[in-house]
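Trainee: Any chance you can model this:
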Amino acid sequence: MISRPFIDVDLHGCRQDEAIKKIEAALKQVDAGTYHVRLIHGYNRGKSLMHMIQDEYRYDRRIRRIMPGDNPGITVLVIREL
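Mentor: Got it, this is the predicted structure:
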């Protein structure tokens, strides 16, 4: 299996419960070579998902920290520092 340093998850149009399922599936793919999981939720409608991600994963032991992405519609879960 080839390690992926960055995993992207598109959450556009997802409800919170659907988004959690997709995020959990992505976190199961994480291995020793993975640094970030990029969650693409969008800006306008994605704000509620952004807040849910921060609340749901803030204290998750698998995640080192949560940071904003390149634009306001992306949230990055840092698994390992680069």
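Trainee: which stretches of this structure have low pLDDT?
Mentor: In the predicted model, the chain carries pLDDT under 70 at residues 1.
Trainee: What segments of it are helices?
Mentor: For the chain, helices defined by DSSP state H occupy the ranges 16-29, 47-57.
Trainee: Out of the ones you listed, flag the one nearest residue 69.
Mentor: helix 47-57 (9.9 Å; C-beta to C-beta). C-beta: built from backbone N, CA, C; applies to glycine.
Trainee: any residues touching that closest one, and which ones?
Mentor: Contact with helix 47-57 is made by 11, 14, 16, 19-20, 23, 39, 41-42, 63, 66, 75, 77, as judged by C-beta atoms under 8 Å, 6 or more residues apart in numbering.
Trainee: Just the buried subset of these, please.
Mentor: 11, 14, 19, 20, 23, 39, 41, 42, 63, 66, 75, 77 (16 or more other C-beta atoms under 10 Å).
Trainee: Quick check: chain neighbours aside, which residue is closest to the last one?
Mentor: Residue nearest to residue 77 in three dimensions, not counting chain neighbours: residue 37, with 4.3 Å by C-beta to C-beta, 6 or more residues apart in numbering.
Trainee: Lovely, talk soon.
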